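A.B. asks: next come a sequence and a model predicted from it.
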Protein chains: 4
Amino acid sequence: MIVVLKQNYTENQMLEAIKAMENGGVKVMVSKGIDTTILGAEGNSAGIDEEFLAQLPGVERVMRVSEPYKKANRKYHPDDTVVSVCGKKIGEGGVSLIAGPCSVESHEQIINIAKKVKASGATALRGGAFKPRTSPYAFQGLEDEGIKLLIEAKKETGLPIVTEIMSTEKIDLFAENVDIIQVGARNMQNFDLLKQLGHLDKPILLKRGLSSTIEEWLMSAEYIMAGGNNKVILCERGIRTFETYTRNTLDLSAVLAVKSLSHLPVIVDPSHACGKAWMVERMSLAAVAAGADGLIIEVHNDPKNALCDGAQSVTPDEFKIISRKINTIADCIGKNI
Amino acid sequence: MIVVLKQNYTENQMLEAIKAMENGGVKVMVSKGIDTTILGAEGNSAGIDEEFLAQLPGVERVMRVSEPYKKANRKYHPDDTVVSVCGKKIGEGGVSLIAGPCSVESHEQIINIAKKVKASGATALRGGAFKPRTSPYAFQGLEDEGIKLLIEAKKETGLPIVTEIMSTEKIDLFAENVDIIQVGARNMQNFDLLKQLGHLDKPILLKRGLSSTIEEWLMSAEYIMAGGNNKVILCERGIRTFETYTRNTLDLSAVLAVKSLSHLPVIVDPSHACGKAWMVERMSLAAVAAGADGLIIEVHNDPKNALCDGAQSVTPDEFKIISRKINTIADCIGKNI
Amino acid sequence: MIVVLKQNYTENQMLEAIKAMENGGVKVMVSKGIDTTILGAEGNSAGIDEEFLAQLPGVERVMRVSEPYKKANRKYHPDDTVVSVCGKKIGEGGVSLIAGPCSVESHEQIINIAKKVKASGATALRGGAFKPRTSPYAFQGLEDEGIKLLIEAKKETGLPIVTEIMSTEKIDLFAENVDIIQVGARNMQNFDLLKQLGHLDKPILLKRGLSSTIEEWLMSAEYIMAGGNNKVILCERGIRTFETYTRNTLDLSAVLAVKSLSHLPVIVDPSHACGKAWMVERMSLAAVAAGADGLIIEVHNDPKNALCDGAQSVTPDEFKIISRKINTIADCIGKNI
Amino acid sequence: MIVVLKQNYTENQMLEAIKAMENGGVKVMVSKGIDTTILGAEGNSAGIDEEFLAQLPGVERVMRVSEPYKKANRKYHPDDTVVSVCGKKIGEGGVSLIAGPCSVESHEQIINIAKKVKASGATALRGGAFKPRTSPYAFQGLEDEGIKLLIEAKKETGLPIVTEIMSTEKIDLFAENVDIIQVGARNMQNFDLLKQLGHLDKPILLKRGLSSTIEEWLMSAEYIMAGGNNKVILCERGIRTFETYTRNTLDLSAVLAVKSLSHLPVIVDPSHACGKAWMVERMSLAAVAAGADGLIIEVHNDPKNALCDGAQSVTPDEFKIISRKINTIADCIGKNI
């Protein structure tokens, strides 16, 4: 951390700033130039209260030099993390495809979709059992029964299953039965949940919050990793902006940014980002061209009668085409692009 | 709900749209004009999937006519809700002042601050025991011990206590000991938590999420109220925008909007919104002038050594001045402004 | 336009709303249902003041049914607009590449870069002569001299030239000498400038404003087209959001949206969107995969000594590689993707 | 400017960074600590390309220490700037009230409103002659005729007149006839216009752009002041955010921020910020409580038939009440609040 003092600072103000830094557990290096005096922190400055320092009377500006995330940081872990799920590798260079309905609705529905997405090359099956809905009056998912149906679909097809957790009270249920536990955008900073997931030995799919900066997103990954669970897969799913034509604004440059800042795999959810089924194909191809390690796509056998998010679901036939085009583009850009 | 068909819609497309509406549980009124054909939903359209309807081939646009929140809606409950806390009334026309430190740090600290803010007219004492921190390595609060210290401060001063809950696992602890349970901005859409709080008979302070629209905020209030708990106090605490000079952007027009749309009391948190202690006084006065029912202000006896958010905390002496000025301005605008 | 009345509206309030609509030049169709009464505008509702209507006492909600842009609207002009520039076609299915330095700096510099980008397949040469700089103290461009140098580069290489206009006072200079006149993001709603450009017979490259909605962007195109100039090329260049890692957030879903709503060609500027040279390649490929008609890329022979925006400029050698990969991906997705 | 090098930087990378700084015209101070090496710029670092430096291979982070605006900066001009307009002072401690219709519509209309707002205490009369409208098909103002009518209103009432300029071509007309020249939000970064206004000896009302940071806003003031015109009045009028209930989000904390960073007077436009007449009173009071030097409020004698922005205009009678309440609150907070 670097602290720049005001031009007309007093000796006491400088000492006050130094003390505030030392309280945070670092040694302080003082550099006096003609115009500018700088205090540099030597050591781990995580314990310094940056905002407090910034408003001390003699302080002009405070700059944090190093990222606050360590375990998620590529600087300290230069090699890509590869997450294994039932023998499949996410983040190893290919494009993983997670597909399935927004909500699990029935045995027939989930088995039907599972078989079709598997035939089109899906890596894993997604399906919501516990649904975070804006309205308390909307369908909230089949809950425990939904998990049961997902397990049946896994038995039938062999596809690993991905589903969202909404409460620490269900941790055991998920840990035993689910292959990739999803943390939704709204719970990205549900820190109690993140902490408990950190104690599992299970892949976690961490969606970016609607208004989370890249740094906050990586700090949430850090919460999970700080507990010992390094199997974190990040998922960009659109951020909230002033534009309302799409439900959210898909931020593909964040994929590049995160892959540079972190070693964790990053996948993209074009379905929730855009909220429109007709955009899914193109945005999927763009995500792969940008370098995403995979996609999570909503697929429903009968979007018109879906209990949730029909507008953004593609049909199994459309998914088949998307999957083929993704393969073409992945081949075309190769590994060295 | 109103559905406008495309100019060149076919009969089948119209029937498809009507069916989708009827599936949602309403009757459909068809109005054919020269240029425009409109389908109007008669009855409760909460069950209709709006986004799905919107992308049907014959559909030009879908408009929801009524707000999706009912219990929080002023239309159905024209009178202001007044929330009683240990005999004090929030939302009855005056300005309630909740004050206290970001974190409870020690017996001495919390008692000291509690006495001082009480002497300056505070209605209730705030203090964090469980702290939502962006970093897993930052101070996470004294947790259960913090609740204990708050109870001691209440015994000493008689001030009701307000503190944030972060997990459903602590519901019983909070229900027994806390007078107003705060739901933080990051948990505004932690729906499992909201549902469980809906079953308590206890005031809930619901902060607006960083990127929550007014409607989403009211829908989160609706979650609590749908469970039977009508004692919801809303708190505007700044939204995330592109401006970085302040930590967030305090949206005072939201106070007016919410008081018009809903009957629930609304208070303002200038400390978290701005992140700068020197702005708290002015923004407090502005909030009162805008019509807020109260304020929640961070007060710390020794901001320089606060374990959390020292930069935005005012001292007890500063709070005394702010409190006096708030009273002056409240008197000045009277009840009829 | 559709107006929904409040449930308890009075006859007078309805008449007031009808009058406000009729004042705007339309006939009004009244549909009374059990719960809902709707007023539908028959005819062109462009003259109705929507916000005024919305706040009349009997009015619940106002919905505009048709887009306010006509000439830019794909509904009325289903075929893609193709813009010809010196014999080259933009929007005809291929990927046009506009490349060159942020600022024209010298004869040698611009000739050198022009030759190199031509060799790598560029369709046109970009270069700033009049520069919109946030600071009055920053380099403001070579101005008229810069235009002269661009003309020399065109003579030498045959590449059409693209450069930004900042003031109506330079319209003649640009109309005579420039092949594509660029309107920058900051001037997207400089309506006087747009009106005057509407009277030229010259392609206009209209960048999206930093905080412009897609509709506002198309309305600015409409300004130009309303004057008779249909040669408008749209350019997505990132929008302002809360994320600060990239300079702006490139909104690739806007490319799809605009190509659906409008018949105009859309290109993408990854250089300004991201502000980081290392992101340009990947975001270029993503833009092509999303369906962009072209790219505008900053290329500088010596980024380290560029007078402006060196951080986001790629070298001619890097551009050569990007151009080759763009061709590969364009081939791979073919015309039918 | 401070540059922090990466931990494992090479000597050559350091020299490259130093050279890039020296190219920008400064001397470089090198401070080597145990963990961190810092390069500090001595002298005016305005010429350094910050983004370019930031991406050099050996560079970890770049921090600008001083604000890029000088003439608008309170550091170098600690005393408040007071702008005199026809003998009235803006920024001297009171609350200036600028009022009038969105558009000048007729002799009768503007004289009528001018008399009424004067009777209610207005300092100046606003009225649009040249209107920036999103749609080319909307009423564009009476243009030159509108200026003529404003002059008549000034003759009749003695009120100074405030109106918006949209093009450099009208500079002479405005310089001769208008008392305060307004630059609208959409032209805040129309740098050619700002430069030319810098050469006048005339107050300029500079509105904040919809998505302008506080720093960009002050840089636009700097453009005007760099030309020699120090009579700049800033106007906060709402920023674009994700919230759509209000037209924009009024950022009252920006008033405090700007008054701290700059010596220029700051007024607030609640009418355009909210877009709803019923919010104007409350937001006006809040703005005064926050410390604004004045307000600019839309007043129309017949909002229902206004040619523009009727929804946000209050009537002269409502303005009278607002003006009285503003006076009450201004008295109540006194000068020392």
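C.D. replies: Looks like it came in fine.
A.B. asks: outline the domain layout of chain A.
C.D. replies: Using automatic domain parsing, the domain ranges for chain A come out as A:2-63, A:83-333.
A.B. asks: for chain A, longest helix please?
C.D. replies: Scanning chain A for the helix with the most residues, using DSSP state H, yields helix A:316-333.
A.B. asks: and it, what does it pack against?
C.D. replies: strand A:96-100, helix A:107-119, helix A:277-290, strand A:294-298, helix C:316-333 (3 or more C-beta pairs under 8 Å, 6 or more residues apart in numbering or on different chains; DSSP states H and E). Every residue, glycine included, has its C-beta placed from N, CA and C.
A.B. asks: count of neighbours near the residue found closest to residue A:189 once you drop the neighbours it is linked to in the chain?
C.D. replies: Spatial nearest neighbour of residue A:189, chain neighbours left out: residue B:186 (4.0 Å); criterion: C-beta to C-beta, 6 or more residues apart in numbering or on different chains. For residue B:186, the neighbour count with other C-beta atoms under 10 Å in any protein chain shown is 23.
A.B. asks: part of a helix, is residue B:186?
C.D. replies: Yes - Residue B:186: assigned to a helix according to DSSP: H, G, I helix; E, B strand; the rest coil.
A.B. asks: now do it, the pLDDT please.
C.D. replies: Note on residue B:186: pLDDT of 96.
A.B. asks: ok, it to residue A:194 distance?
C.D. replies: 11 Å (C-beta to C-beta, to the nearest Å).
A.B. asks: show me what contacts whichever residue of chain A sits closest to chain D?
C.D. replies: Evaluated by C-beta to the nearest C-beta, chain A has residue A:31 as its residue closest to chain D, separated by 3.7 Å. Residues near residue A:31 by C-beta atoms under 8 Å, 6 or more residues apart in numbering or on different chains: A:37-40, D:29, D:31, D:38, D:40.
A.B. asks: touching, the residue nearest to residue A:189 and residue B:132? I think so.
C.D. replies: Yes - Residue B:186 is in contact with residue B:132 according to C-beta atoms under 8 Å; the separation is 5.3 Å.
A.B. asks: identify the contacts common to those two.
C.D. replies: In contact with both residue B:186 and residue B:132: A:189, A:191, using C-beta under 8 Å, 6+ apart.
A.B. asks: if we can go back for a sec, now do the same contact list for the residue nearest to residue A:189.
C.D. replies: With the criterion set at C-beta under 8 Å, 6+ apart, residue B:186 makes contact with A:189-191, B:132, B:209-210.
A.B. asks: among the residues you listed, name the ones in helices.
C.D. replies: The helices, defined by DSSP H, take in residue A:191 from these.
A.B. asks: which of the contacts of residue B:186 has the largest number of neighbours?
C.D. replies: Neighbour max across the contacts of residue B:186 (other C-beta under 10 Å) = residue A:190, 29 neighbours.
A.B. asks: ok, the nearest residue to that one once chain neighbours are set aside - contacts?
C.D. replies: Of all residues not flanking residue A:190 in the chain, residue B:190 sits nearest, at 5.6 Å (C-beta to C-beta, 6+ apart). Counting by C-beta under 8 Å, 6+ apart, residue B:190 touches A:166, A:186-187, A:190, B:183.
A.B. asks: could you check whether the least confident helix or strand in chain A by mean pLDDT is close to chain D?
C.D. replies: Sorting the helices and strands of chain A by mean pLDDT, DSSP states H and E puts helix A:50-54 at the bottom, at a mean of 81. No - using C-beta under 8 Å from any C-beta of the partner chain, we find that helix A:50-54 stays clear of chain D, coming within 12.3 Å at best.
A.B. asks: and the residue of the stretch 51-200 of chain A found nearest chain C, how many neighbours does it have?
C.D. replies: Relative to chain C, the nearest point of the stretch 51-200 of chain A is residue A:67 (11.3 Å; C-beta to the nearest C-beta). By the criterion of other C-beta under 10 Å, residue A:67 has 17 neighbours.
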